[in-house]
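Dropping a prediction and its sequence here:
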Number of protein chains: 6
Amino acid sequence: MSDKAAPPTENSTYWPINSSSTPRFAGLVSFFRLPTMTDPSAVDIALVGLPWDGGTTNRAGTRHGPREVRTQSTLLRPYHHVTRTSPYEHCRVADLGDAPVNPLDITDTLRQLEAHYATLHGAGAVPITAGGDHLITLPILRALAKDGPVGLIQFDAHADVNDSYFGGQRYSHGTHVRRAIEEGLVDPKRTVQIGIRGTRYSPDGEDFSAEHGIRTINIEEVFSLGTKGVIEEIRRVVGSAPTYLTFDVDGIDPAFTPGTGTPEVGGYSVFEAQQMVRGLAGLDIIGGDVVEVSPPFDPSGVTALVGATMMFEILCVTAQATVARKEKLRR
Amino acid sequence: MSDKAAPPTENSTYWPINSSSTPRFAGLVSFFRLPTMTDPSAVDIALVGLPWDGGTTNRAGTRHGPREVRTQSTLLRPYHHVTRTSPYEHCRVADLGDAPVNPLDITDTLRQLEAHYATLHGAGAVPITAGGDHLITLPILRALAKDGPVGLIQFDAHADVNDSYFGGQRYSHGTHVRRAIEEGLVDPKRTVQIGIRGTRYSPDGEDFSAEHGIRTINIEEVFSLGTKGVIEEIRRVVGSAPTYLTFDVDGIDPAFTPGTGTPEVGGYSVFEAQQMVRGLAGLDIIGGDVVEVSPPFDPSGVTALVGATMMFEILCVTAQATVARKEKLRR
Amino acid sequence: MSDKAAPPTENSTYWPINSSSTPRFAGLVSFFRLPTMTDPSAVDIALVGLPWDGGTTNRAGTRHGPREVRTQSTLLRPYHHVTRTSPYEHCRVADLGDAPVNPLDITDTLRQLEAHYATLHGAGAVPITAGGDHLITLPILRALAKDGPVGLIQFDAHADVNDSYFGGQRYSHGTHVRRAIEEGLVDPKRTVQIGIRGTRYSPDGEDFSAEHGIRTINIEEVFSLGTKGVIEEIRRVVGSAPTYLTFDVDGIDPAFTPGTGTPEVGGYSVFEAQQMVRGLAGLDIIGGDVVEVSPPFDPSGVTALVGATMMFEILCVTAQATVARKEKLRR
Amino acid sequence: MSDKAAPPTENSTYWPINSSSTPRFAGLVSFFRLPTMTDPSAVDIALVGLPWDGGTTNRAGTRHGPREVRTQSTLLRPYHHVTRTSPYEHCRVADLGDAPVNPLDITDTLRQLEAHYATLHGAGAVPITAGGDHLITLPILRALAKDGPVGLIQFDAHADVNDSYFGGQRYSHGTHVRRAIEEGLVDPKRTVQIGIRGTRYSPDGEDFSAEHGIRTINIEEVFSLGTKGVIEEIRRVVGSAPTYLTFDVDGIDPAFTPGTGTPEVGGYSVFEAQQMVRGLAGLDIIGGDVVEVSPPFDPSGVTALVGATMMFEILCVTAQATVARKEKLRR
Amino acid sequence: MSDKAAPPTENSTYWPINSSSTPRFAGLVSFFRLPTMTDPSAVDIALVGLPWDGGTTNRAGTRHGPREVRTQSTLLRPYHHVTRTSPYEHCRVADLGDAPVNPLDITDTLRQLEAHYATLHGAGAVPITAGGDHLITLPILRALAKDGPVGLIQFDAHADVNDSYFGGQRYSHGTHVRRAIEEGLVDPKRTVQIGIRGTRYSPDGEDFSAEHGIRTINIEEVFSLGTKGVIEEIRRVVGSAPTYLTFDVDGIDPAFTPGTGTPEVGGYSVFEAQQMVRGLAGLDIIGGDVVEVSPPFDPSGVTALVGATMMFEILCVTAQATVARKEKLRR
Amino acid sequence: MSDKAAPPTENSTYWPINSSSTPRFAGLVSFFRLPTMTDPSAVDIALVGLPWDGGTTNRAGTRHGPREVRTQSTLLRPYHHVTRTSPYEHCRVADLGDAPVNPLDITDTLRQLEAHYATLHGAGAVPITAGGDHLITLPILRALAKDGPVGLIQFDAHADVNDSYFGGQRYSHGTHVRRAIEEGLVDPKRTVQIGIRGTRYSPDGEDFSAEHGIRTINIEEVFSLGTKGVIEEIRRVVGSAPTYLTFDVDGIDPAFTPGTGTPEVGGYSVFEAQQMVRGLAGLDIIGGDVVEVSPPFDPSGVTALVGATMMFEILCVTAQATVARKEKLRR
């Protein structure tokens, strides 16, 4: 008898191990218990680990994030309980292993990562990444946005638009959005940030955002708009053009995600985060990431479980977008 | 001077140790610091520990649940702050110790448990149990529902209506509700499940529920109805006939209850859970349980405290029902 | 180049170390990375640690609270993201070190603390304290309310109006509000308690409160009023006269603040707490404290971070009040 | 069938629950799973919990020690693997519950404890206590040494002969040995301390000890003598007269016992501690204690397990002494 | 450039990922970063995970052992620092994944495991297993000892020769050695147990061992013989015939291995364990296992690291034996 | 009354806060509760924190080391119990705060650190540093060894003589000893490494050491020589010329120091480490460090306590050497 859950006819290779046959605690670990592969042309969507915390300004540890997100992802089953469908029914999805990093060299790492994601992109694989600190979004965007700026949906407590740290270091997990805009990878007018809050270095902390037309939805506005209102606003800002989705787990309140490097109290709940990501169905998502899961600060493992679950929600909307793009091409 | 809080005249034996006289950290531990007893006929309500995790498909540990729930229950005092009454004023309540289990044999355990609860039931003691994994509800129902199917109120993230696991094992903490319905212990049309969510093995994960008329309130519906709406719906479904109440702590969001075996992010809060249980006042509750507290995954002990508090809320509504049944008999 | 963030001209000595120059994990620790001082006349607002748990009836550990709150406070930056101003722009604020305690003698400690705060008060420094257990509010009030009773805003799960514990001990973290009222330090008619809940020793647990006219806002009422309604009610009760603000972290749900001595499940969120404290802007706050952070029960450190953040929120409204009082005097 | 292990004929009531019949994680918790009793005249040896940390100068938490030592003691079985005998074969041993304490008042606690142990002693019960901080040895000695000073065997990293703390407080867990000598409870010439080490307040830290003739075996001497040499020296010092045995878990290296209030690195191993206690067989032990187990600092529970095991070793030599005293009386 | 450390010519496929090229925290996890394979005939030595704790009588959790041992094994490099050789130079070694288990059925699991190991054995792969509770040694021996009883070297705190638990259950982690002898899988006269200690159910706890001629080296004898003496004794007992090596981490003191289900204080150190296993070089080891690593009780992960390191030591002596057997066949 | 312990006449400013007056948990934290200073010319010995883990190849976290070592160092008192003297009696010792680092740039950090230590050295302050990962020893040596190579005593599990990591990175915590020798900072013939063990990347892992004449004392030799033999060998190798002492806590067994980045099981005990460091009295120690304490992996804090205690032992021998050098100059 097969160890795979009854698969749809056309995608049988790309299906998770069935946890009602093989216990979740058994076997080698991969994202969602999917098969591991190395050839990006064999998948529609590539799940990638990115074990990196070299851009972290305070508490390190996100280098251990992908491993623990993979472990907790064994708790997830193939079908979404609201949409009643599975991304694996529609796309070829697999675990492509970890992206290459050099823990002793930021520059070398940014170079290697850009090349790695360019290869994935070139092969037609849509990447969904488990970080890693938030700096990783920059080299991913460098690979994905080569043909022009994309929209950006950023769930986060922090705007990440600082200019530099520690006497001029321009590459960190607090500067990458500014860099991405400066480099023309992201269209600031199609950029929306959800959950921004917390103390700031200066009263004009959002000047860069305001000057460039980023739509900042502070946590206070998140709660006053409600998740439906936020979804409408996100859709209005990014429109139907290609958009990247980045999910920093510190956008969520640290009661739900204590294991992160720069926690800011007073965020939204995981349920609210789930609603907001689900509300992105139909947008042209070209890739996504879940970042800043830091296992050394996550004694009960719930942060990694949140990370894995949000990664699945992102996978679901990305699979839909991937199918839509394929159909469009076909026509 | 007595070490007991000033008790009502008729129930003085059945009163907790007073924590403003004897510190909470002192003394031998029992549920709510109540007296321990062995004769079920001496109580109206029997608090029972059930240290069992042999039906667990993923992370074990709930065998240690009763001990830690007892420990955390020392934080609770006799009176409810909303109803301003105490269950100990109205009923004889005591800690009846732990039910018998065989950690190496599911079949033997199910048999022993059914016999144990049959003895309690036969002696007129209404059982409220601290588990243990969710499989334990099955033998309890076998003992309580001998005269016909009862209603079931289930707070849970999972429907627990799978048919089998691991090549045909029919008894686990994910199959017991299906078994209870198949065995005629529970009336599916008087069954309501609150908080169902999370990924599924198949798109038709709820077919069994739908076919049998179980009322499934997904987490999305919980939030759209609000706790008042949920309460109304529960009351409508179970009506005034005898009903069993089972509370799986994984119905609550793991931010509140990280220490559980199969966490699903995106649940309700403890406050919402409290409101919903309180809203069951007046129903004919014939017993209840709090299950799936797993201390090895609960580094700060909050899950066990939630378990103890929900057990107290269940005790309050059960005491009211017990008094009502007695009065009815008297008339 | 200066290691301080660009400071306003007049307060440059009283400015935090800039975490974008010197990493948060580096250097000696003080509240919010502010300078440490010993002369209270050199500050407008004195941040004080109070490492004491000798009044604790259950789980000790808050003696370690100030140290960990200081550590987590290094995560905070100078400016508030909603008001877009910094308390350090308007007031001279510094870390005045820890208040003196005698861990083996409550009476001696109460005496030393009253003298210490009288010195601060006499020098014109408004104290904001990180506890320590809640008993500490009593000696602080003895020092601050020498000229007549003040108003009291108390965020808490417990009313703390018990008469005594353990055979007549009148000084504990569960009796101090009663003592403060009996001693005429606090005007009960200008006292409001927000978030009261949990089981009680007697049905008439609130009789003292009711008899003396304390405004008790149970957690149920907090949620039915909403944070705006609660703010209005607080402002109505305390009015414009001098008022002390005490914030027990157990008012918040233990999902957010597990590291506390007497957790009561079912509280408000940190976001709601932040809203409520911000809503006190304009009141005549004469001092405040954050109490009951207990690091030994806080494995991920989030409770101390909540404590530090709430301390910053209190600092912001207190700075505003301090400026207002100065301006009033000037006129 | 009985739930007790096959007991010797005469002591069947005083026998632990059999863990090969009832799992260790099941049932209400008592020391070594022995019966709980309240009448001291019904036992030869009384196992007592003493939940107290009011004499602690640094990290509190030993108030939770007895509860956790009881929990871990469920791992122990009736027979000693070296002597191949059981204390329960020779003496009536039971769990007498916790001694009374007042966490808010040292003086009241010392008074209550002395009275409690005087009652035990008067009833002929030899007490073996699980603390609690080390101050508790003082009131126990006050009760046991009423007829003249006894010998003292102290396993400890600290001599505990300081005069006072914090401006004159004479009762703490660092002063009790000095008090006991001053009060004539302990004969300093029949006192031996094993494992003393660590930094000191003054170069003459041992002057009190030296002046009074205490035999101090520093950790360096422990290792140079070896456990056999230490045993000989202990036996030489205390001789055959009545002797009390106090075991502070901080005498052991904190690798083995991290969960304690004042750890000093560089101690002996648990195996060495076991050998040394076993070597006391034949001495006239009149009581003993295991102190300074602090669960909040013991994340894996090993310290409490060490505490429980050392308590069992002490029980074994005390049972032998108790039998010897009885036989002597009989003759 | 290759991501593999410079491999010896003939075994290049069977070489670990080089941690000085690819960081240890990166990439998919396997034992020692070796390749994963499914065909047992392609290896000389099969590393196998066995995620099972269904035979556990007290604290469960070893079902999570293989996953965490694999994770910690990424810390190990190819060469042994004393022998200056690598097992990978001499044998084809790979990670064969996890053996099949049914967490809800002991009988089914024993059957599946025996079949699985019979397949490995039949294909000529020598199995080294990371458990899992100690019951797993029984089905492994059933597969390996089909041609007659083998010798057994058992590092352990417990003899595991009980007859049954919980009313007649004959298969548990405390009975498997007795079963193996009864079934003729193990020659008791060629069986040696090292480190036995701790309390017992009866004074005659070792009668079975004594009657059957098992050589029991109690912990006291381990320390009096010294590791060299123990090694000599082991070699004398098992001789040159085929011998299985089972290593229960609870033989080591719980200071080194807190994360285990049935800790017994007072064991040997890891260094001593390493010496003893290294001393087995030259024996005809036909397989081995490391059991009872329980991650939920191992907050710092050191137990799993000890497990991984001991597994490597066992691999080294097994590789030597495997080469010797091959050479013997060749001649 | 002074809050300082009775100081010797000439050094009263440089004396720790007295923990028998001010509790250890109170007050701002500095090394050993010594005064904090910024002027290196005001001290003989400068205690320095160095919060850096940018050279770490596996688990980060030592950036948090200095803070936690300071916290645990509050447990230490002024006098050594064996020498019965205090370093503060003989030298002016203070906490000079943290050295400057740039967590995003290794090169910049190495430059800043060299300059910082050059300043300390130039001012005549002997530095004793709490790291930080082991790379920090390199810039310290660059500052201290400007006039020619010094001797090196290295307690460590690893030789740290690798050439590079991750494609040519020459600066890491595994390469610094090689760099120091290549740069002529350290005389390899006056270099001794104690406790080397664990698996290796190649069979010739010690070739660099052997070729350059480093004296490697593997852990096996440590145990065969005994601590006295090791001390003799260290003294023989380094002789009476200036020598730097570096103490990596991973030289100790991880049972004692779990909180470190690259644990290797099977090391020496803390007691043995203390003996070996004490045995260096009389050598010309010109500075020292304690490195690789990683708080995120140290749940019970014992590793930081070991770090603080070893730092004190190093301080004691360094103070003696400092006095000797002064006396020599005076003559």
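Alright, I've got the coordinates.

hey, let's count contacts and neighbours off CA atoms from now on
Fine.

Now A:Thr257: closest residue in space that isn't a chain neighbour?
Leaving aside its chain neighbours, A:Thr257 sits nearest to A:Thr303 (4.4 Å; criterion: CA to CA, 6 or more residues apart in numbering or on different chains).

ah, wrong one, I meant A:Thr191
Using CA to CA, 6+ apart, the closest residue to A:Thr191 is A:Leu152 (4.6 Å).

contacting residues for the residue of chain A found nearest chain D?
With CA to the nearest CA, the shortest gap between chain A and chain D falls at A:Pro299, namely 11.2 Å. Applying CA atoms under 8 Å, 6 or more residues apart in numbering or on different chains to A:Pro299 gives the contacts A:Gly259, B:Pro299, C:Pro299, C:Ser300.

What is the most widely separated pair among those?
A:Gly259 and B:Pro299 (13.7 Å; CA to CA).

Going along the chain, name the strands of chain A.
A:45-49, A:93-98, A:126-130, A:150-155, A:186-196, A:215-218, A:243-248, A:285-291 (DSSP state E).

between the first one and strand A:126-130, how big is the angle?
Think strand A:45-49. Relative orientation of strand A:45-49 versus strand A:126-130 (axes from the mean of the first three to the mean of the last three CA atoms, to 10 degrees): 30 degrees.

how much space between A:Gly97 and A:Arg24?
19 Å (CA to CA, to the nearest Å).

again, but for A:Phe223
Distance from A:Phe223 to A:Arg24, by CA to CA: 36 Å.

neighbour count winner among these two?
Taking neighbours as other CA atoms under 10 Å in any protein chain shown, A:Phe223 and A:Arg24 compare with A:Arg24 leading, 23 against 17.

Give me the pLDDT for that one.
Per-residue confidence (pLDDT) for A:Arg24: 97.

gap between it and F:Ala321?
In terms of CA to CA, A:Arg24 sits 59 Å off from F:Ala321.

Just give me the closest of the contacts of A:Pro299 to C:Leu113.
Nearest member of the contacts of A:Pro299 to C:Leu113, counting by CA to CA, is C:Pro299, at 29.6 Å.

Look at the closest one and report its pLDDT.
Taking C:Pro299 on its own, its pLDDT is 91.

what does A:Pro203 give?
Per the predicted model, pLDDT is 82 at A:Pro203.

For chain F, what is the nearest residue in the stretch 201-331 of chain A?
For the stretch 201-331 of chain A, CA to the nearest CA, closest residue to chain F: A:Pro296, 5.8 Å.

Pretty sure that residue sits against F:Pro296.
Yes - A:Pro296 lies in contact with F:Pro296 (CA atoms under 8 Å); the separation is 5.8 Å.

which residues does the residue nearest the centre of chain A bridge with?
Geometric centre of chain A, nearest residue: A:Asp289, 1.5 Å, by CA atoms, centre = their mean. Here A:Asp289 sits in beta bridges with A:Thr129, A:Thr246, as judged by DSSP bridges.

and what of A:Leu47?
Counting by DSSP bridges, the residues bridging with A:Leu47 are A:Asp95, A:Ile128.

wait, what's in contact with the residue nearest to A:Val69 when sequence neighbours are not counted?
Nearest residue to A:Val69 in three dimensions, chain neighbours excluded: A:Ala304, at 4.9 Å (CA to CA, 6+ apart). By CA under 8 Å, 6+ apart, the contact list for A:Ala304 reads A:Gly65, A:Glu68, A:Val69, A:Gln72, A:Gly259, A:Val293, A:Ser294, A:Pro295, A:Asp298.

Quick check: the gap between A:Asp133 and A:Thr260.
9 Å.

shared neighbours, these two?
Counting by CA under 8 Å, 6+ apart, the residues touching both A:Asp133 and A:Thr260 are A:Thr62, A:Glu292, A:Val293.

so can I have a markdown table of the residues you listed showing pLDDT?
As requested, those are exported to a markdown table (pLDDT from 0 to 100):
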| residue | pLDDT |
| --- | --- |
| A:Thr62 | 98 |
| A:Glu292 | 98 |
| A:Val293 | 98 |
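
Of these - the most surrounded one?
A:Val293 (37 neighbours).

For it, give me its contacts.
A:62, A:65, A:69, A:131-133, A:249, A:259-261, A:303-304, A:307.

ok, 6 Å please
By CA atoms under 6 Å, 6 or more residues apart in numbering or on different chains, the contact set of A:Val293 is A:Thr62, A:Gly65, A:Thr260.

ok, back up a step: show the pLDDT at the residue nearest to A:Thr257.
So A:Thr303 comes in at 98 (pLDDT).

what does the one 4 residues further on give?
pLDDT for A:Gly307: 98.

A:Asn11 too?
58.

Give me the neighbour count for the closest residue to chain E within the stretch 51-200 of chain A.
Here the residue of the stretch 51-200 of chain A nearest chain E is A:Asp98; by CA to the nearest CA that distance is 5.1 Å. As a burial measure, A:Asp98 scores 19 neighbours (other CA under 10 Å).
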